[in-house]
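Asker: Could you work out the structure for the sequence below:
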Amino acid sequence: MGGFLFGYDSSVINGAVEAVRDRYDVGSAALAQVIAVALIGCAVGAATAGRMADRIGRIRCMQIAAVLFTVSAVGSALPFALWDLALWRVVGGFAIGMASVIGPAYIAEVAPPAYRGRLGSFQQAAIVVGIAVSQLVNWGLLNAAGGDQRGSLMGLEAWQVMLGVMVVPAALYGLLSFAIPESPRFLVSVGKYDRARGILTEVEGEDVDLDARIAEIELAMKREDRSTFRDLLGGSFFFKPIVWIGIGLSVFQQFVGINVAFYYSSTLWQSVGVDPTDSFFYSFTTSIINIVGTVIAMIFVDRVGRKPLALIGSVGMAVGLGLEAWAFSYDLVDGKLPAAQGWTALIAAHVFVLFFALSWGVVVWVFLGEMFPNKIRAAALGVAASAQWLANWAITASFPSLADWNLSATYMIYTAFAALSVPFVLKFVKETKGKALEEMG
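Answerer: Numbering: from 1, shown residues only. Sure thing, here's the model as predicted:
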């Protein structure tokens, strides 16, 4: 549910972009800041969640995030002004940032090594389902409002209802957080050994030598001091090399422009002549492709490994983005792309999302949940996820202005980052498939 809300809250704004522009009469640059400001909240939430989870536990952090998601949904649906909408989006962003850290860390700490990759993939699977459901709900509400984002619906404008519907999954997230066990590694860290043994028995089976597992976890923690931000520092460039690799994975994941497809897709298709209702439908079909790619990744992440999937995805993304750049280089005819270029852009966009989903969409979160030593995992994951949200903000805030400048050149920039991710993975990223967390670092 945390991943679902992560995806839902991140992409639901796609259905409100043009309505917000019209209602508050703002230009592309100001509109981009309102859309992107949530990502600043995401970065802060991600940076603080790791330390918070080490102090109060993973489950308590999930419950706090659920409350913030609920408050954000209500506030975003009933804004008084543009600044008010931006404020509630920051609150929701803080919750997304927390969910982006707690989900992978919790799954990695609870899952047995043999299944950790597949179970870690459920975080991304939940995210892409959340994205798809948000687009389906937006499309349904738009049709209910007669195809007008500002049409009347339940006493509000349609876009307000789109943002407010998130109350339902947010409340469910909070309720379900009471039904799952705390991380055994957190329980060991605070001296609650009996509870840790019970949970390890539940998730790893009764045949496991519990005393040996507890001793292994405890030794890994005692071997190093209590985690602090200072522990991430070292090496020649401020952070330790392993932290920089995590940051690099996060930045490349965003700099290929994936969230342009989920924050601005309906606006993008409308800008090249697609009917508004059809543009919402294409946003939904892209989300379905996202789910298909994620399922492929879940099947192969523990069989093929994380690194090969990342390389395959980088090549596929570069091809899809390059084709989009080519298609958008043509002038509009009667407000539309020529037929051949229009279909090429639409198919290439789906190809790009497919290759992202079957690779970087999943493996980055699996890597970040696995690659760091026990001592710094939560803090390092927080820094890497924070970098991811800052990179996301940079792409989201810059896209409307870049698109106004040159849409084709914008996609060439994304293509370049997809291509550069290949040598980065080959040189710096180590495979984590099949290794115990205590072996990392």
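Asker: Please name the nearest non-neighbouring residue to residue 208.
Answerer: Leaving out its chain neighbours, the residue that sits closest to residue 208 by C-beta to C-beta, 6 or more residues apart in numbering is residue 200, at 6.5 Å. The C-beta positions use only the backbone N, C-alpha and C, and glycine is treated the same way.
Asker: If you could redo that for residue 245, that was the one I meant.
Answerer: residue 428 (5.2 Å).
Asker: number of nearby residues for the one you found?
Answerer: 13 (other C-beta atoms under 10 Å).
Asker: So it is in contact with residue 247, correct?
Answerer: No. Between residue 428 and residue 247 there is no contact under C-beta atoms under 8 Å: 11.0 Å.
Asker: about what we covered before: got a list of what the residue nearest to residue 208 touches?
Answerer: 184, 208, 210, 213, 214 (C-beta atoms under 8 Å, 6 or more residues apart in numbering).
Asker: Can you point out the helix or strand that includes it?
Answerer: Taking DSSP states H and E as the criterion, residue 200 maps to helix 193-204.
Asker: Then residue 213?
Answerer: Residue 213 belongs to helix 210-222, assigned by DSSP H and E.
Asker: for that helix, which positions count as buried?
Answerer: Within helix 210-222, the residues scored as buried using 16 or more other C-beta atoms under 10 Å are 210, 213, 214, 217, 218, 220, 221.
Asker: try stretch 300-311
Answerer: 300, 301, 302, 305, 306, 307, 308, 309, 310, 311.
Asker: Can you read off the pLDDT for the closest residue to the first one other than its chain neighbours?
Answerer: What it means is residue 300. Nearest non-adjacent residue to residue 300, counting by C-beta to C-beta, 6+ apart: residue 309, 6.3 Å away. Per-residue confidence (pLDDT) for residue 309: 93.
Asker: ok, residue 309 - contacts?
Answerer: 297, 300, 301, 358, 359, 362, 363.
Asker: same deal with residue 25?
Answerer: Per C-beta under 8 Å, 6+ apart, neighbours of residue 25: none.
Asker: For residue 383, give me phi and psi.
Answerer: Main-chain dihedrals, residue 383, degrees, to the nearest 10: phi -70, psi -40.
Asker: Next, count neighbours for it.
Answerer: 23.
Asker: what is the rounded mean pLDDT of stretch 249-257?
Answerer: 94.
Asker: And stretch 352-362, by the same measure?
Answerer: Rounded mean pLDDT across stretch 352-362 is 92.
Asker: OK, contacts around residue 267?
Answerer: Residues 14, 17, 18, 279 are the ones in contact with residue 267 under the rule C-beta under 8 Å, 6+ apart.
Asker: now, which of the residues you listed sits nearest residue 111?
Answerer: residue 14 (32.0 Å; C-beta to C-beta).
Asker: So what's the residue count around the closest one?
Answerer: Other residues close to residue 14 by other C-beta under 10 Å number 27.
Asker: My guess is it contacts residue 264. True?
Answerer: Yes. Between residue 14 and residue 264 there is a contact under C-beta under 8 Å: 6.9 Å.
Asker: ok, back up a step: mind pulling the model confidence for the residue nearest to residue 245?
Answerer: Note on residue 428: pLDDT of 91.
Asker: Residue 208 versus that one, what's the distance?
Answerer: 34 Å (C-beta to C-beta, to the nearest Å).
Asker: give me the low-pLDDT residue ranges for the protein?
Answerer: For the chain, the stretches with pLDDT under 70 are 220, 222-231, 235-237, 434-441.
Asker: Where do the strands of it begin and end?
Answerer: All strands of the chain, identified by DSSP state E, fall at 152-153, 156-157, 233-237, 239.
Asker: after the longest one comes which helix or strand?
Answerer: Of the helices and strands lying after strand 233-237 in sequence (DSSP H and E), the nearest is strand 239.
Asker: got the contact list for that following strand?
Answerer: By C-beta under 8 Å, 6+ apart, strand 239 touches 232, 233, 247, 383.
Asker: how about stretch 27-44 as CSV, C-alpha atoms only?
Answerer: Only the C-alpha atoms of stretch 27-44 are listed here, as CSV (Å, rounded to 0.1, in the frame of the first residue of the first chain):
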residue,chain,number,x,y,z
GLY,A,27,2.2,30.1,-17.2
SER,A,28,4.3,27.0,-17.8
ALA,A,29,7.2,27.9,-15.5
ALA,A,30,4.9,28.7,-12.5
LEU,A,31,2.7,25.6,-13.2
ALA,A,32,5.9,23.4,-13.3
GLN,A,33,6.8,24.6,-9.8
VAL,A,34,3.4,23.7,-8.4
ILE,A,35,3.6,20.3,-10.0
ALA,A,36,7.3,19.8,-8.9
VAL,A,37,7.1,21.3,-5.4
ALA,A,38,5.8,18.0,-4.0
LEU,A,39,9.2,16.5,-5.0
ILE,A,40,11.0,18.8,-2.5
GLY,A,41,8.8,17.3,0.2
CYS,A,42,9.7,13.8,-1.2
ALA,A,43,13.4,14.6,-0.8
VAL,A,44,13.0,15.8,2.8
